[in-house]
Structure formats: C-alpha cells, structure tokens
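A.B. asks: Here is my input; please provide its structure:
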Amino acid sequence: MTTTLSPTAARRVFYLLSTTRWLPVGFVVGIFALVARERGLSVEQITLYMTAQGIMVFLLELPTSGFADVLGRKPVLLAAGVINIVAGFAYLFAQSFWTFALAAGLMGVYRALDSGPLEAWYVDTVHERQPGADVHGAMSIQGVLVGVGMGGGALVSGALVAWHPFKESSALLLPIQVFVALCVVHLVATLALLRESPRGEGRLGARLGSSVRETPGVIRDGLLLLRTNTVLRNLVLVELFWVVGMMAYETLMPLRLAELLGSEARAGVWMGPAAAGGWALFSFGSWLGGRLADRLGLVRAAIVGRVVNGLGVVAMGLTLGPAALLVAYLFTYTMHGAASPAYTGLLHREASSRNRATILSMSSLVMQAGGALTGPLLGVLAARTSIGTAMVVAGVVSTIGFVCFLPARRRERQQRSAVENAGVAPSQG
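C.D. replies: Prediction:
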C-alpha cells in the first residue's frame, strides 16, 4: 500500500485521531452502568445486557477486519464513527433491559469496525520505509495520549455530574450528550485527516464487491496463522484472561463505589476524578511500559505488566472503603497502561500488511467474547456473594494469564541463543 502521507505526518495523524477517538470515552467511563442502575436494572441485568456488545464483536470482528485489510482502513473507520454516534443516542434513550442491550449491541458493531484499522494504517506506513521495525515506542506515546484524553474527559464528566445544570433530567445524562458531540468531531477529523490510497483499482462499488470476495480468504489465512503459529495463538489467548480483570475495574468498580457511597449519582461524581486519575496514571504506565520494554525486552515487560495489573484487581476486591478502593483502582490502571505497549509490539511482530488488522481484530475478538462469557458469570457471583468477592476472583484469573506469554519467551531465548552462537562461530573456524 502506498500512502499519500509521510511517516512523520502519518504519526501526527495517528496521535491526533487516537486522542479524538478516546477523549469521548472518558466522559462515559462507568456512566453507562450507573445510568442503567439508576433506571432500575440489577447488577445481574447490567452484566448480562453488556454481553450484547461482546456478541456483536464476536460475530463481526473478523469480517470487518477483513474489509479493513482488503477495502482499506479509512472507509471502515468512517462507518465505525457513524455507528458510534447512533450507539450514543441509543444509550441516552434506553429505559429497559432490552433497549440497553440494543445500545450495547450497536456499540459492539462500532468496536468491531474500529478495532485495528487506525493502528494498522499507521504501522503499514512505517513499514513501507522501515520494514519490520518495532513500533512499541509509538504505541507507548499513543497510550500516553489516550490516557490524557480519557483522563481529561473523565474529570470534566465528573464536574458535569456535580454541576447538574439541567435539574429536570438525571445528572448522569449530560456526559453522554457530550460524548455524542465529541464522537461527531472525531468522525469529521477522520474524514479530513486520514489519507489512504485505494487498495485496488476501480470505483468504490467495484472495490467493495472485490473486498466481499477477498475477505473470507484474508480471514481464513488469519485463522490458519493462528492455528499454526503457537506464539500468536497464545498472545491472543492472553486477552481471554485479561478481560476478566478488566470487567472488574470497568464494570464492577463503579457499582462497588455506588454501593460504598450509597448513591449512583454520588458515585458518578467520584468516578470523574477517579477515572481522570486512572487514565493519567495509565499515560504514565504506558510511558513506563515503553521504557520497560527497552530495558527488559517485550516479553518480560508484558509479563510484569499483566501480572501486577491482575494483582491490583485483587487488591480492589479486598478494600473496605471508597478511598482504599480508589487507590487500588489507580494502581491497577497504571499497570494496565504499562502492559499495553509491549503486548501490542509482540502482536505486530507476528503480523504483515496483508493481515495486520485481522490479527489485531482476532485479539480484540477474544477479549470481547471473553467479556461476554465471563461478565454475566461475575454478575451472578457478585449477586450470590458480594461485588468484592467477584473482583478478587476476576483478579486471580487475570493474573494466571501470564502463562500465555511463555511460548513467546521461549522463542525469544532461542533467537538470542542463535544470534550468540552465530557471533561465536567465526572464531571457532
């Protein structure tokens, strides 16, 4: 693929669109769950309706990533942006379990479309000039920007809930309205800034038809690679363990905070500064993760980040007060950021331009499917025992996932040994 942007210009666009993509999300961290709780849904119903998102991702992740690899990244990102706006409106007006499930399903369609194309576009641009170059440094900076954007959005969101200027409606709705407006901004920015040469000849309709025909082959090749590449298969399986812990600090945490404070609205006020601090520390963790990868190597840095992140979730479940819960939450998000650059870098080592979006989407698919399966189970466990107990179990499961990095660690050692032996060989001759 030939791009009309230089690598430097592409990097600027990558950073900017990463920020505009995640800034709106900061406004609704924990808000969707609190709105559902405020409108009468139980913890079990909340964790159950959220499975609609995972189900849609499971069904659409690979087909949409195949489109991105064959048709092009930009058309898929534009379609994702439109659906994200529709999903935001759906959350605004949801009142029952099924309308919340519809909103979550639309968000799942968006996530399936959005997962991978922007990152794949940037990495392919770099590899045009520097084939095979590791990109964990750029992923680290992207993580910093994502954290700053989400943290800033969450801080303003909490302030909006506390301000509550429209007394005739819930204090939790204004952040969702801002979320929708900022999603429109991101869509316009994507349309204006992301430049990509067509992946094929002819008009859009012809290329779309060609993409439909070629997409199954791209998916098949990606699945074949997953079956034959032990390292890649285990890296993708990491997501199955990690998402269990993520369910604790993204879904159960605001509900636990509301339980400790005695009010969903009060929890919404607290969640703003808490999420802002969490994503600020995510930014620091992402920077730290890049430095750890340089010092320890990608595999060891990824293991350290994932294990300590899981232990942070366990600590969240063991806390007895809101202040302690927030401290553990902030620590957990720091390590969430620290693990990401190395893990992403490992995935890109296994990918090529032809299947990069597909491989990234396979990772996302496992995460979303895992969340759809384990979310309701954690909800049932929380209802039968306590939210704290469910969080401890989630943290333990997340920590165990470090074993999935061991094949990559073994291959890294084998490659290092081969390089060292090659260096010694001439002197033995």
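
A.B. asks: where's residue 178 relative to residue 416, distance?
C.D. replies: From residue 178 across to residue 416, the span is 50 Å (CB to CB, to the nearest Å). Where C-beta positions appear, they are placed from N, C-alpha and C, glycine not excepted.

A.B. asks: Neighbour count for those two, which is higher?
C.D. replies: A direct count of neighbours by other CB atoms under 10 Å for residue 178 and residue 416 places residue 178 higher, at 20 against 11.

A.B. asks: Can you name the next helix or strand after the one helix or strand in the chain whose mean pLDDT sits lowest?
C.D. replies: Least confident helix or strand of the chain, by mean pLDDT, DSSP states H and E, is helix 204-228 with a mean of 66. Remark: after helix 204-228, the chain's next helix or strand is helix 230-247, criterion DSSP states H and E.

A.B. asks: elements contacting the following helix or strand past that next one?
C.D. replies: Later in the chain than helix 230-247, the nearest helix or strand by DSSP H and E is helix 253-261. Judged by 3 or more CB pairs under 8 Å, 6 or more residues apart in numbering; DSSP states H and E, helix 253-261 is in contact with helix 31-38, helix 264-296, helix 322-349, helix 387-400.

A.B. asks: per-residue confidence averaged over helix 253-261?
C.D. replies: Mean per-residue pLDDT for helix 253-261: 88.

A.B. asks: would you put the C-alpha positions of it in PDB?
C.D. replies: What follows is helix 253-261, C-alpha atoms only, in PDB (Å, rounded to 0.1, in the frame of the first residue of the first chain):
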ATOM      1  CA  MET A 253     -15.900  -0.900  40.100                       C
ATOM      2  CA  PRO A 254     -18.500   1.900  39.700                       C
ATOM      3  CA  LEU A 255     -21.200  -0.400  41.100                       C
ATOM      4  CA  ARG A 256     -19.000  -1.200  44.100                       C
ATOM      5  CA  LEU A 257     -18.300   2.500  44.500                       C
ATOM      6  CA  ALA A 258     -22.000   3.300  44.400                       C
ATOM      7  CA  GLU A 259     -22.600   0.500  47.000                       C
ATOM      8  CA  LEU A 260     -20.000   2.100  49.300                       C
ATOM      9  CA  LEU A 261     -21.300   5.600  48.900                       C
END
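
A.B. asks: Any idea how far it is from the middle of the chain?
C.D. replies: Chain-centre distance of helix 253-261: 23 Å, with CA atoms, centre = their mean, to the nearest Å.

A.B. asks: Same check on stretch 159-172?
C.D. replies: 29 Å.

A.B. asks: residues contacting the residue nearest to residue 366 when sequence neighbours are not counted?
C.D. replies: What sits nearest to residue 366 in space, not counting adjacent residues and going by CB to CB, 6 or more residues apart in numbering, is residue 239, at 4.4 Å. Listed by CB atoms under 8 Å, 6 or more residues apart in numbering, the contact set of residue 239 reads 363-364, 366-367, 370.

A.B. asks: For residue 374, which of the helices and strands packed on helix 253-261 is the nearest?
C.D. replies: The minimum distance between residue 374 and the helices and strands packed on helix 253-261 falls on helix 387-400, with 7.8 Å, by CB to CB.

A.B. asks: For that closest one, buried residues please.
C.D. replies: Residues of helix 387-400 classed as buried by neighbour count (16 or more other CB atoms under 10 Å): 387-388, 390-399.

A.B. asks: now, which of those sits nearest residue 312?
C.D. replies: When the buried residues of helix 387-400 are compared against residue 312 (criterion: CB to CB), the nearest one is residue 395, at 7.2 Å.

A.B. asks: which ones are touching the closest one?
C.D. replies: Residue 395 neighbours (CB under 8 Å, 6+ apart): 245, 248, 310-317.

A.B. asks: Just the terminal-to-terminal distance for stretch 242-252.
C.D. replies: Stretch 242-252 has an end-to-end distance of 15 Å (CA to CA, to the nearest Å).

A.B. asks: avg pLDDT for stretch 6-25?
C.D. replies: 89.

A.B. asks: burial count for residue 9?
C.D. replies: Neighbours around residue 9, by other CB under 10 Å: 14.

A.B. asks: So it: helix, strand or coil?
C.D. replies: helix (DSSP: H, G, I helix; E, B strand; the rest coil).

A.B. asks: which ones are touching it?
C.D. replies: Taking CB under 8 Å, 6+ apart as the definition, residue 9 has no contacts.

A.B. asks: And residue 43, by the same measure?
C.D. replies: 37, 255, 379, 382-383, 387.

A.B. asks: Can you lay out these as CSV showing distance to residue 152?
C.D. replies: Below are the contacts of residue 43 laid out as CSV (distance: CB to CB, whole Å):
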residue, distance to residue 152
37, 25
255, 24
379, 31
382, 31
383, 35
387, 28
